[in-house]
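Student: With the input below, show me the fold.
(one chain, ligands or ions: 1)
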Amino acid sequence: MTSTPSADPKKMHLATALLHAGGPDGGVTPAATMVPVYQTSAFQQESAERLEGIFHNTQPGYCYTRVGNPTVSSFERRMAAIEGGVGALACASGMAATFNTIMGLCQAGDELVASSCLYGGTIELFEDLERMGVTVRRVNEVTPAELEGAVTDRTRLVFAETISNPRLGVLDVPAIAAWCHERRLPLVVDNTVASPYLCRPLELGADIVVESTSKYVNGGGNAISGIIVDSGRFSWDAERYPALAKWRKMGPFALLARLRNGLWRDTGACLAPWTAFLNCVGLETLDVRMERACDNALRLATWLCDSGLVSEVGYPGLPDAPDHELAARQFGGRYGALMTFRAGSRERAFKFVNSVRYAYRASNIGDVKTLVLHPDSTIFADNTPDERMLAGVFEDSIRVSVGIEDAGDLIEDFRQALS
Ligand SMILES: *Cc1c(COP(=O)(O)O)cnc(C)c1O
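Tutor: Numbering: from 1, shown residues only. Presented below is the predicted three-dimensional model:
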């Protein structure tokens, strides 16, 4: 083991924390500067007694990678430190993180309140939750007034995205967290689009963060993964959250313990060690990647507005964007790397998508490469007209996930594709 004392993430700025928070990676002698990939299904122990101890949670250790793996643990420790939680649970995808969080807290007969403007996969997941007996009540705007009309005594959580995809609405995390806590409800925030670079919702009062780390955390667009980070602050009432009753003795770790020893483990939602390694590599450059991508997005959005070639450029960094002031206050002067605009017609939108030279035509976000998409014919193909309208998706809408290319080259590429 290395003798380096683990540094306190609270004293570090983000750029340093991304590299050093969560404790040394090594664990082997001589200590490696990157966590090794423990590409193994199972772990041998030196005695039957030790295996017994691991199975009874009385001794630390690993037995089987679906339940735990040192490379995955390293990624979990780092994400917990970066997002400011007591612990984290890495999942096979962002969807697995969302599913496990909700079903870790709810059972048939329970309800949750969620924003109408959410990632399409989450909206689809809600249909299955309804089939399992969990009622989802949707609010168009996540405001106290709308939430008030949607909560009942069966509500178990409130779910929203820090920045909604693709409408790019911004959640007022402190205000909504305070409202939830007055009603003894946890606020669960999908922090995928903001990423911990723009926002750490747990520091602003949210209780649980779920995130698709396939996007900005991985950064290279090379693997699917998700994470659940718990602030450990919410006090789980045994009657309202019966699945957590026997884990309340774990204090701030109750939810993570309930998932790790139950639903998460038993639904096989584990993250592959190789992906955890790729995410550790990606996480280390989040700060520099996001700085460039956010700069590029602001420059591209400003140019698009001034160009007269498109209309309704959606980007929270533009001074007249609906949530500009809230975004400025909450995200410290950065506005993310996702933007939208309207090309004028469906034909013009398709022509733009077909004409870009640098940007890729792909439905992902958070890649270092710029990606463009026509949401209406792709990720919203299965949504109702109402859902499209709420998400701000029209037949001529384009979504851009801005990468880290040279901003001037991107502007030139967009100019030729729109001309
Ligand atoms: C991509 C995404 C998800 C789902 O994540 P996967 O890793 O693809 O399962 C959830 N929420 C948001 C906001 C996303 O962008």
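Student: From now on I want contacts and neighbour counts done on CA atoms only, so please keep to that.
Tutor: OK.
Student: I figured Tyr241 was touching Leu105, is that so?
Tutor: Yes. In this structure Tyr241 lies within contact range of Leu105 using C-alpha atoms under 8 Å: 6.1 Å.
Student: Can you pull the residues of the stretch 101-250 of the chain lying near the ligand?
Tutor: Proximity of the stretch 101-250 of the chain to the ligand is confined to 119, 165, 192-193, 212, 214, 224-226 under the rule C-alpha under 6 Å from any ligand atom.
Student: Can you flag the buried ones in those residues?
Tutor: The neighbour-count test (16 or more other C-alpha atoms under 10 Å) marks 119, 165, 192-193, 212, 214, 224-226 as buried among those.
Student: among these, which are in strands?
Tutor: Using DSSP state E, the subset of those located in strands is 212, 226.
Student: Which of the buried ones among the residues of the stretch 101-250 of the chain next to the ligand scores worst on pLDDT?
Tutor: Model confidence across those bottoms out at Asn165, which has 88.
Student: and Asn354, backbone torsions?
Tutor: phi -80, psi -20 (degrees, to the nearest 10).
Student: Out of the residues of the stretch 101-250 of the chain next to the ligand, which comes closest to Gly251?
Tutor: Gly226 (23.9 Å; C-alpha to C-alpha).
Student: give me the beta-bridge partners of the closest one?
Tutor: Beta bridges link Gly226 to Cys91, Ser212 when assigned by DSSP bridges.
Student: Would you check that it makes contact with Thr101?
Tutor: No. Assessed by C-alpha under 8 Å, Gly226 is found out of contact with Thr101, at 11.4 Å.
Student: Now do the shared contacts for the two.
Tutor: The contact sets of Gly226 and Thr101 overlap at Val210 (C-alpha atoms under 8 Å, 6 or more residues apart in numbering).
Student: Looks to me like Val113 is in a strand.
Tutor: Yes. Under DSSP: H, G, I helix; E, B strand; the rest coil, Val113 falls within a strand.
Student: Report the contact partners of it.
Tutor: Val113 neighbours (C-alpha under 8 Å, 6+ apart): 136-139, 147, 150-151, 155, 157-159.
Student: I'd like to know how many residues surround the residue in the chain positioned nearest to the ligand.
Tutor: Closest approach of the chain to the ligand (C-alpha to the nearest ligand atom) occurs at Gly94, with a separation of 3.4 Å. Gly94: 25 surrounding residues under other C-alpha atoms under 10 Å.
Student: need the contact list for it.
Tutor: Neighbours of Gly94 in contact, by C-alpha under 8 Å, 6+ apart: 210-214, 224-227.
Student: Could you do Arg138 as well?
Tutor: Residues in contact with Arg138 (C-alpha under 8 Å, 6+ apart) are 113-116, 150.
Student: Validate this expectation: it resides in a strand.
Tutor: Yes. Assignment of Arg138 by three-state DSSP places it within a strand.
Student: show me where the stretch 101-250 of the chain has strands.
Tutor: Taking DSSP state E, counting those that start in this stretch as the test, the strands found in the stretch 101-250 of the chain are 111-115, 135-139, 155-161, 187-190, 208-212, 226-230.
Student: Kindly reformat the ones you listed as TSV containing distance to Tyr38.
Tutor: Formatted as TSV, those follow (distance: least, C-alpha to C-alpha, whole Å):
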stretch	distance to Tyr38
strand 111-115	38
strand 135-139	39
strand 155-161	33
strand 187-190	29
strand 208-212	22
strand 226-230	19
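Student: Show me which residues of the biggest helix by length in the chain are buried.
Tutor: With secondary structure taken from DSSP state H, the chain has its longest helix at helix 286-307. By neighbour count on 16+ other C-alpha under 10 Å, the buried set for helix 286-307 is 286-287, 289-305.
Student: rewinding a little: which members of the contacts of Arg138 are the farthest-apart pair?
Tutor: Spatial extent of the contacts of Arg138 (C-alpha to C-alpha) is set by the pair Ser116 and Ala150 at 12.1 Å.
Student: Need the residues touching each of those two.
Tutor: Counting by C-alpha under 8 Å, 6+ apart, the shared contacts of Ser116 and Ala150 are 138-139.
Student: Check the offset of the longest helix of the chain from the chain's centre.
Tutor: Distance of helix 286-307 from the chain centroid (C-alpha atoms, centre = their mean, to the nearest Å) equals 21 Å.
Student: hmm, who's touching that helix?
Tutor: Contact with helix 286-307 is made by 14-15, 18, 197, 216-217, 219, 310-315, 317-318, 334-339, 368, 402-404, 406-407, 410-411, as judged by C-alpha under 8 Å, 6+ apart.
Student: buried subset of those residues?
Tutor: Neighbour-count burial (16+ other C-alpha under 10 Å) is assigned, among the contacts of helix 286-307, to 14, 18, 197, 216-217, 219, 310-311, 313-315, 317-318, 334-339, 368, 402-404, 407, 410-411.
Student: The stretch 101-250 of the chain: helices as residue ranges?
Tutor: Using DSSP state H, counting those that start in this stretch, the helices of the stretch 101-250 of the chain run over residues 120-131, 144-148, 173-182, 195-198.
Student: Please state the mean pLDDT value computed over the helix or strand hosting Arg258.
Tutor: Element membership for Arg258, per DSSP states H and E: helix 254-260. Helix 254-260 carries an average pLDDT of 97.
Student: Can you tell me which helices and strands that helix packs against?
Tutor: When contacts are defined as 3 or more C-alpha pairs under 8 Å, 6 or more residues apart in numbering; DSSP states H and E, helix 254-260 sits against strand 87-91, helix 94-105.
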